[in-house]
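Chemist: Take a look and give me a structure for this.
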Amino acid sequence: MIVCPNCNHPNPDGAVQCEACYTPLPATSNCPSCGATVQADAAFCGQCGYNLHATAAAAVAPTVAPEIPLEVQPSATPDPLLELLQPDPLENGGTTNSQAAPSPLPPTVVATPPETSIPTAPSTTIASPPPEPVTAPMEEAMAPTPEPVAAPAVTVARTQLQQVTARLIHVQSDREIELPQSLSVIHIGKQNDRIPPDIDVSGFTGSEIVSRIHADIRIEGDAHYIEDVGSSNGTYINNLPLLPGNRHRLRPGDRISLGKGDMVTFLFQIS
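Modeler: The predicted structure follows:
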């Protein structure tokens, strides 16, 4: 279907102008996903929702490699006890050698007091608390699974669809013709061997200008469409010619003329 840009009326594929307001229709193309007919400037397919610009966008978009974060190993915290046990490198005269440098002066005898033992503080070990037992997942696994509660049944009242009755009123004789509800296509014309008419106008005055296979009325849901099927004298809707290949959606009060001169005319009504 082609949607009219002026009145948003859906038109059949291949139509060159809107059947409701006679506005020229835009160009169309096919969806690469489902093959449906879409407008050339559409961004998405109305049938399957395919993004019509996805292929062009995928070709232009560069490929960016994902960034992988580098793992940095945390530095080890030095043990304060080991730092206390290590000797200071600046002791013994501020040198880093294990032996002191020789002095040019003669050695001096210095009386040293008796060695005294320096009591060291006893090392204390801080015991970490034992880990708490993880019982939540086990309790959840052992817990019984609640039974699903069935939702209450909702009773929906069904409403009966109203029957739509469509009819044609012959203007010249004021005769009413009810359209058959069992047919999806209603042929209008005169008796012939190819397509027998569902509405025969042979008995109406001026029927000589009506072709044997003149026009069709198509029923789609609650909508009625009329189209000329190649008549000799044409079909006119509200005194405007209906071009071959196009169709018009009928509305109550539309005037349908079969042939020129307004000799065989019907009014479309719905009740």
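Chemist: Go through this structure and flag its longest strand.
Modeler: Taking DSSP state E as the criterion, the chain has its longest strand at strand 213-220.
Chemist: So what touches it?
Modeler: Outside strand 213-220, the residues that touch it by CB atoms under 8 Å, 6 or more residues apart in numbering are 166, 179, 183-190, 192, 194-195, 197, 201, 224-231, 235, 247, 250, 256, 258-259. Every C-beta, even on glycine, is put in place using the N, C-alpha and C of the backbone.
Chemist: Pull out the buried residues from that strand.
Modeler: For strand 213-220, the neighbour count (16 or more other CB atoms under 10 Å) marks 213-219 as buried.
Chemist: cool, and stretch 253-262?
Modeler: By neighbour count with 16+ other CB under 10 Å, stretch 253-262 contains the buried residues 254, 256-259.
Chemist: same thing with stretch 174-183?
Modeler: 177, 179.
Chemist: try stretch 228-239
Modeler: 228, 231, 233-237.
Chemist: Quick one: low-confidence residue ranges for this protein.
Modeler: Where the chain drops to pLDDT under 70, the residues are 1, 55-163.
Chemist: okay but P241 is in contact with G234, surely?
Modeler: Yes. With contact defined as CB atoms under 8 Å, P241 reaches G234; the gap is 5.6 Å.
Chemist: hang on, the earlier thing: farthest pair within the buried residues of stretch 228-239?
Modeler: N233 and I237 (14.3 Å; CB to CB).
Chemist: What are the buried residues along stretch 11-26?
Modeler: By 16+ other CB under 10 Å, the buried positions in stretch 11-26 come out as 11, 15, 17-20, 25.
Chemist: Of those residues, which is the nearest to T205?
Modeler: For the buried residues of stretch 11-26, with T205 as the reference and CB to CB as the criterion, the closest is E19, at 29.6 Å.
Chemist: show me the residues around that closest one that make contact.
Modeler: With contacts defined as CB under 8 Å, 6+ apart, E19 is in contact with 9, 11, 225, 246-249.
Chemist: Quickly run through the sheet partners of the longest strand of the chain, with directions.
Modeler: Sheet partners assigned to strand 213-220 using DSSP bridges are listed as strand 185-189 (antiparallel), strand 223-228 (antiparallel).
Chemist: Show me the helices in the chain, by range?
Modeler: Taking DSSP state H as the criterion, the chain carries its helices at 54-60, 80-85, 91-94, 136-142.
Chemist: need the buried residues of stretch 11-26 in CSV with distance to D41, can you?
Modeler: Shown next, in CSV, are the buried residues of stretch 11-26 (distance: CB to CB, whole Å):
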residue, distance to D41
N11, 16
A15, 17
Q17, 18
C18, 17
E19, 21
A20, 21
L25, 13
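Chemist: which residues does the spatially closest residue to N238 that is not a sequence neighbour contact?
Modeler: Leaving aside its chain neighbours, N238 sits nearest to R255 (5.2 Å; criterion: CB to CB, 6 or more residues apart in numbering). R255 sits next to 171, 236-239, 265-267 when contact means CB under 8 Å, 6+ apart.
Chemist: so R255 bridges to which residues?
Modeler: R255 forms beta bridges with L267, as assigned by DSSP bridges.
Chemist: Offset the numbering so it begins at 353, please.
Modeler: Okay, using 353 as the starting number, the last item reads as R607.
Chemist: Contacts only, for V355.
Modeler: V355 touches 361-363, 391, counting by CB under 8 Å, 6+ apart.
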